[in-house]
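Student: Return a 3D structure for these sequence lines:
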Amino acid sequence: MIPIRTAAPNATEARALLAGLRRTVDVDAGAVVAELAGEEPDAALLDLVSAPFASVADVAERLARTESYLRERGDRRAVFLTVYSRMTAAVRTAIGDGAFVDPEWAASYLVAFAERYRRALVAFERRAFDSLPRPWLIAFAAAARGETLVAQDALLGINAHITYDLTYTLGDAGIDPDRDAKREDHDRINAILARLVQTAQDALVEAYDAVGIAGIDRLLDPIDDRLALLGLRGVREFAWRNAVLRADLPEWVGEPYVDWRTETVATGAAAVVVAPEFDATESARLRDAEADADVASALVEAVQRRM
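Tutor: Below is the predicted model:
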């Protein structure tokens, strides 16, 4: 059993947890559930994503098809997939290039990570809101309502997948045996994610510039403040510490404790993205400008150039 002091939040985590607790109350998940409960699921979308991912190649192929399907229908859930499908392709290439100590584990990690997204998407589409992690409920509901900016849709998806899902992905893939080697590969994957998140930020700015909308950099800069209360580097360390706690603490205490830590930080970060520090006039200006421009298509083009 690990010492209690090891399980206690460090100073950075404590600040993030306190901030998350303050911001979490800003999100009315019950109202979201009530608003969307009457909508019919999309049978064609469910056909694409109902089956679990079988391999790295399957992940790459079906994420790309799902992005295309959603984008063709003007579904804002495609915005996150525009970024995530390219992230997956980059990790797949790194696996093929021999960048990992244990390529089989890295591949299982990639598939497990994608499975977390797939299950969340299926739960939302089937209106199984009780089984949907709260950060994903916030992200998908914002996209469905169409009240957020394209940039916010991208950040909400990135937050839910990295700040929330990464903890559980490590548990799904397993951090033992050879924990040190797996930590090394975790760090390698995270280095790829960090570069790609920065690329996504640059692509978002480029997309808005391409359609003549200025001022979006205030939402994105610094991206650490918007993406996670811990910062990008901190949230990846947070995920590893959570995985260690789940593995080493007794199940009766480790699982609920890690669940609370993860949801508090991820939901608080989502609240920061949903309610940025813009004044009402600036928010209205950006929304009005987006209504007259196809930022989502401009983002696809910018991402394709950069990733």
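
Student: Any idea how many residues pack against R285?
Tutor: Each residue near R285 was counted by other CB atoms under 10 Å, and the total is 15. Every C-beta, even on glycine, is put in place using the N, C-alpha and C of the backbone.

Student: which secondary structure element contains it?
Tutor: Applying DSSP states H and E as the criterion places R285 in helix 280-291.

Student: same thing with E301?
Tutor: Using DSSP H and E, E301 sits within helix 295-306.

Student: What of E206?
Tutor: helix 179-210.

Student: mean confidence for that helix?
Tutor: The average pLDDT for helix 179-210 rounds to 80.

Student: now it, how far from the centre of its chain.
Tutor: The chain centroid and the centroid of helix 179-210 are separated by 12 Å, computed with CA atoms, centre = their mean, to the nearest Å.

Student: tell me which residues of that helix are tucked away?
Tutor: Neighbour counts over helix 179-210 (16 or more other CB atoms under 10 Å) mark 182-183, 185-186, 188-190, 193, 196-197, 199-201, 203-208, 210 as buried.

Student: and if you look at stretch 47-67?
Tutor: 48-49, 53, 56, 59-60, 62-63, 66-67.

Student: Would you mind checking which of those residues is nearest to T267?
Tutor: Comparing those against T267 with CB to CB places V49 closest, at 23.8 Å.

Student: Touching, that closest one and R118? I think so.
Tutor: Yes - V49 is within contact range of R118, at 5.3 Å (criterion: CB atoms under 8 Å).

Student: what sits in contact with each of those two?
Tutor: Here V49 and R118 have no joint contacts, going by CB atoms under 8 Å, 6 or more residues apart in numbering.

Student: From the contact counts, what lies against the helix holding E206?
Tutor: Judged by 3 or more CB pairs under 8 Å, 6 or more residues apart in numbering; DSSP states H and E, the packing partners of helix 179-210 are helix 78-96, helix 103-125, helix 150-158, helix 217-220, helix 223-227, helix 232-248, helix 295-306.

Student: now that helix and helix 103-125, what's the angle there?
Tutor: Using axes from the mean of the first three to the mean of the last three CA atoms, to 10 degrees, one finds that helix 179-210 and helix 103-125 are set 50 degrees apart in direction.

Student: quick revisit: now secondary structure, pLDDT and distance to P177 too, for the buried residues of stretch 47-67, in JSON lines please.
Tutor: As requested, these are exported to JSON lines (DSSP: H, G, I helix; E, B strand; the rest coil; pLDDT from 0 to 100; distance: CB to CB, whole Å):
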{"residue": "L48", "secondary structure": "helix", "pLDDT": "96", "distance to P177": "36"}
{"residue": "V49", "secondary structure": "helix", "pLDDT": "97", "distance to P177": "32"}
{"residue": "F53", "secondary structure": "coil", "pLDDT": "97", "distance to P177": "24"}
{"residue": "V56", "secondary structure": "helix", "pLDDT": "95", "distance to P177": "22"}
{"residue": "V59", "secondary structure": "helix", "pLDDT": "96", "distance to P177": "25"}
{"residue": "A60", "secondary structure": "helix", "pLDDT": "93", "distance to P177": "28"}
{"residue": "R62", "secondary structure": "helix", "pLDDT": "96", "distance to P177": "31"}
{"residue": "L63", "secondary structure": "helix", "pLDDT": "95", "distance to P177": "30"}
{"residue": "T66", "secondary structure": "helix", "pLDDT": "96", "distance to P177": "34"}
{"residue": "E67", "secondary structure": "helix", "pLDDT": "91", "distance to P177": "36"}
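
Student: between these, which is nearest V83?
Tutor: Out of the buried residues of stretch 47-67, the member with the shortest distance to V83 (by CB to CB) is E67, at 9.5 Å.

Student: looking at it, the closest one is touching L81, isn't it?
Tutor: Yes - counting by CB under 8 Å, E67 does reach L81; the two are 3.8 Å apart.

Student: How far off centre is stretch 245-263?
Tutor: 21 Å.

Student: ditto for stretch 141-154
Tutor: Chain-centre distance of stretch 141-154: 14 Å, with CA atoms, centre = their mean.

Student: distance of the closest residue to A154 other than its chain neighbours from A57?
Tutor: Nearest residue to A154, sequence neighbours excluded (CB to CB, 6 or more residues apart in numbering): V79, at 5.1 Å. Using CB to CB, to the nearest Å, V79 is found at 24 Å from A57.

Student: swap in L137?
Tutor: L137 sits 30 Å away from A57 when distances are taken as CB to CB.

Student: again with L63
Tutor: For L63, the distance to A57 equals 11 Å [CB to CB].

Student: With Q198 instead?
Tutor: 27 Å.

Student: do the same with E104
Tutor: 14 Å.

Student: what does H186 give?
Tutor: For H186 relative to A57 (CB to CB), the value is 22 Å.
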